[in-house]
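> sequence first, then the predicted structure, then my questions.
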Amino acid sequence: MSAPFLAGSRRGGATLGAALALSAMLAALAEPVRPSFGEAVPPDLFATGLYADPATRSVDPAHLAFSPQYPLWTDGAAKRRWISLPPGTRINASDPDRWLFPAGTRFWKEFAFDGQPVETRYMEHLGEGRWVFAAYEWSADGQDAPLAPERGRAGAWPLQGGRAHAIPGRSDCRVCHGSGPAPVLGFSALQLSPDRDPAAPHAEPLPAGAVDLAALVERGLVEGVPAGLAPRIPAADPVERAALGYLHANCGHCHDDRGALADLGFDLAHGLDDATPAVRATAFGVTLKDPPAGLPEGVGLRIAPGAPEASALLHRAGSRDRLLQMPPLGTALVDEEALALLARWIANQPRAEDPAPHIEGDLR
Amino acid sequence: MMFLKAVATMFLGLSFILLVALTSNGLVAQQVDPVARGEYLVNTSGCHDCHTPWALGANGPEPDMSRALSGHPADLQVDAQPELSEAWVWAGNPTNTAYAGPWGVSFTANLTPDPETGVLRDMSEAQFVDTIRNGRHKGQGRPILPPMPWPAYRNMTDEDLGAIYAYLKQVPSIRNAVPEPLAPVQ
């Protein structure tokens, strides 16, 4: 009596299971689907906790000011930056090129033109490598700083030549910050080195009270950094040092050997362990992978040593044509000071066709 | 007992009907096969409308499927922007592959896997997904111009965008070097 009953119920159970699986599948099909870019962000800058007193705009003294030695060019904007680490936490620097920040870490970066704050960008680590990105746009009277639109704001501040500064959209934050292995771009051992490069384009003097690598180590805020570390880009001369630093900060977050564009085989980032610049191997005399429209006739190499005019890198960094310009976003004006530095550095390199100095006897 | 049996039979019948319904309209195939899902999405999201050149068919202009997804034909040279009256903002050409507007002139990309002229030739799946999500070439480069509806397609899930990529990577290759966009007239 019991056996058929069991068998029957088992059969019924199996059918029920199949039906449930099917309805689960249907439910999954019916569920509204949204891609993951719609993270909740604080509605205005004051809600991010930057200021101790929003009325007077005095920055919370618990936050630490910092200034990377090689800043990003943003059409000449003056920038101020702060980091906040949750009390009692430390940064893990065991990978010197990829610091890991504790959950709850916050960064702010304020952009001002002509003495007027225009936008403040914000990053917050939610944990497990998930970061929130947001930009807040300042009202003309400097009283309010609401969240900028998701797609950004074109024409946020007028610049010379009829151009204008644009506040990047939230997906554009990730285009730069999400490309390489580390989303934090300006708070690293090289960028905070106490051995600051005096020739870096647009170098800022360390702001009063700002922390550098030595201060972080001393306060026990970073672990895995040997005391006294002061990284410096090894270079033949000061021009080369500044040029490599500029490329690292302004191009290396996209053009590196680990990120989304690694397949290009074009490395402008400086790894702390690099004995020789990766740019030599991946750009000097290297043919362009994909020559874009608008390059002058005969420009086919990424960098033609000794020949700035034949180097695509300079043409692309010196253009603001949307097809040609590098970086592809984030600026409306060419960085003339940096362009001159890069041209000088390339001109200093021995031309490929120059006969390599060698001694006859060595050949045998 | 009888009741249980009846319920069981009912469920069996119901799930069979569901199964038939799902397989006959391709939903099951789409769930298990990204290429089938990708084909469905490409066919229903209008990709052919712009990326397959139009020609005169039996019922007037329609996408010429012998050139499916190969983009603006290289031999159809466009070198100037049309003059538009104040009332109009943008214009399209007869193959519906070239568009003039405030952005200059844009030409639809060759979406076939041609190793020399296909736009996906050096694009990984992740870069394709980011291209649609961010509206930038390779996900990180120059902005993608109108009227490519990436602001609509960016709402697709990663799975759906991956399925479109999988489908496009296996359609017949067509060699067609699409021209670069023209700059807007100042």
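Sure, I can see it.

> and B:Phe107, what are its bridge partners?
Going by DSSP bridges, B:Phe107 is paired in beta bridges with B:Ala98.

> burial of it, as a residue count?
Look at B:Phe107: counted by other CB atoms under 10 Å in any protein chain shown, it has 22 neighbours. In short, each C-beta sits where N, CA and C put it, glycine included.

> list the contacts for it?
Contact analysis of B:Phe107 by CB atoms under 8 Å, 6 or more residues apart in numbering or on different chains lists B:Gly71, B:His72, B:Val78, B:Thr97, B:Ala98, B:Tyr99, B:Val178, B:Pro179, B:Glu180, B:Pro181.

> list only buried entries from those.
Buried members of these, scored by 16 or more other CB atoms under 10 Å in any protein chain shown, are B:Gly71, B:His72, B:Val78, B:Thr97, B:Ala98, B:Tyr99, B:Val178, B:Pro179, B:Pro181.

> helices of the chain, start to end?
No chain in the question, so chain A it is. If DSSP state H is used as the criterion, the helices of chain A fall at A:2-30, A:170-177, A:213-218, A:238-250, A:278-283, A:312-317, A:336-348.

> that answer is for a different chain, and I need it for chain B
Per DSSP H, chain B carries helices over the ranges B:2-24, B:27-32, B:34-44, B:47-51, B:125-134, B:150-153, B:158-168.

> averaged pLDDT, the longest one. What do you get?
pLDDT averaged over helix B:2-24 equals 54, rounded to a whole number.

> ok, the residue in the stretch 51-200 of chain A that chain B sits nearest to - how many residues close by?
Chain B sits closest to A:Ser171 of the stretch 51-200 of chain A, with a gap of 4.6 Å, by CB to the nearest CB. Around A:Ser171 there are 20 other residues, counting by other CB under 10 Å.

> correct me, but it touches B:Val129?
No: taking contacts as CB atoms under 8 Å, A:Ser171 lies outside contact range of B:Val129: 11.8 Å.

> quick one: the residue minimising distance to the centre of chain B from B:Gly26, how far?
For chain B, the residue nearest the mean C-alpha position is B:Cys47 (3.1 Å; CA atoms, centre = their mean). Distance, B:Cys47 to B:Gly26, by CB to CB, to the nearest Å: 18 Å.

> for the stretch 251-364 of chain A, which residue gets nearest to chain B?
A:Ala293 (3.6 Å).

> so what's that residue closest to, chain neighbours aside?
Closest residue to A:Ala293 apart from its sequence neighbours, by CB to CB, 6 or more residues apart in numbering or on different chains: B:Glu180 at 3.6 Å.

> I figured the one you found was touching A:Leu323, is that so?
Yes: shown here, B:Glu180 and A:Leu323 form a contact pair, counting by CB under 8 Å, at 6.2 Å.

> quickly list what's touching both of these two.
Common contact partners of B:Glu180 and A:Leu323 (CB under 8 Å, 6+ apart): A:Pro292, A:Ala293, A:Gly294.

> now which of these would you call buried?
Buried by 16+ other CB under 10 Å: A:Pro292, out of the shared contacts of B:Glu180 and A:Leu323.

> any idea which of the shared contacts of B:Glu180 and A:Leu323 the model trusts least?
For these, the pLDDT minimum is A:Ala293, 85.

> which parts of the stretch 51-200 of chain A are strands?
Applying DSSP state E, counting those that start in this stretch to the stretch 51-200 of chain A gives strands spanning A:51-53, A:58-59, A:64-66, A:78-84, A:91-92, A:106-113, A:116-127, A:130-137, A:153-158, A:164-167.
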